[in-house]
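1. Test case, fold it:
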Amino acid sequence: MLHILLVTARRELIHSFAEALSSDPDVRLEQVTSRAEALSMVRTECPHLVIIDSGIPDTDSLDLVREIISANAMVNTAVVSPLSDAEFHEAAEGLGILCQLPPDSGPGEADGLLKKLRSVLS
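-> This is a model prediction of the structure:
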């Protein structure tokens, strides 16, 4: 079973994306709203993937990726970001992020993300 942690303060806006992830019978999706909750779960539960939404109130998404890597380098990450592909690549270079997701992610992005994650883990 894949354990995925979604860090977001926009539960209503990202609902269809989260619903698509959790509808997969092989996925256990948990959601938190803060940096502290995310880091606590990374340290205690070691999810396969942490998806970090933009606009988390107490941190920058790429700073949180850095903290996650420091806490557990085996955790995969994906980041929701409005940056262009080139801007995101420049900002996130060297962080080993599985993928960038658009702010309006939905079921298609969820399906693509699960395929990438399964490919990396196999």
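
2. avg pLDDT for stretch 57-77?
-> For stretch 57-77, mean pLDDT rounds to 94.

3. okay, how far is it across it, tip to tip?
-> Start-to-end span of stretch 57-77 (Cα to Cα, to the nearest Å) is 19 Å.

4. neighbouring contacts of it?
-> Here stretch 57-77 makes contact (Cβ atoms under 8 Å, 6 or more residues apart in numbering) with 7, 9, 33-36, 38-39, 42-43, 46-54, 56, 79-81, 91-92, 95-98, 117, 120. All C-beta spots, glycine's among them, are computed from the backbone N, C-alpha and C.

5. if you set the cut-off to 6 Å instead, what comes out?
-> Contacts with stretch 57-77, where a contact means Cβ atoms under 6 Å, 6 or more residues apart in numbering, come from 9, 34-35, 39, 42-43, 46, 49-50, 52, 54, 79, 92, 95, 97-98.

6. so what's Cys99 bridging to?
-> With beta bridges defined as DSSP bridges, Cys99 has these partners: Ala78.

7. Count the residues that sit near it.
-> Counted with other Cβ atoms under 10 Å, the burial measure for Cys99 works out to 15 neighbours.

8. Could you do Leu121 as well?
-> 10.

9. That one and Ile56: what is the separation?
-> Using Cβ to Cβ, to the nearest Å, Leu121 is found at 25 Å from Ile56.

10. For Cys46, give me the pLDDT.
-> 91.

11. show me the contacts for it.
-> Contact analysis of Cys46 by Cβ under 6 Å, 6+ apart lists Asn72.

12. hang on, isn't Phe17 packed against Ser105?
-> Yes. Look at Phe17 against Ser105 with Cβ atoms under 6 Å: they come within range, at 4.3 Å.

13. Backbone dihedrals for Val27, please?
-> phi -120, psi 130 (degrees, to the nearest 10).

14. which one is it nearest to, not counting chain neighbours?
-> In this structure, Val27 finds its nearest non-sequential neighbour in Leu2, 4.9 Å apart by Cβ to Cβ, 6 or more residues apart in numbering.

15. What distance do you get for the one you found to Ser105?
-> To Ser105, Leu2 is 17 Å away according to Cβ to Cβ.
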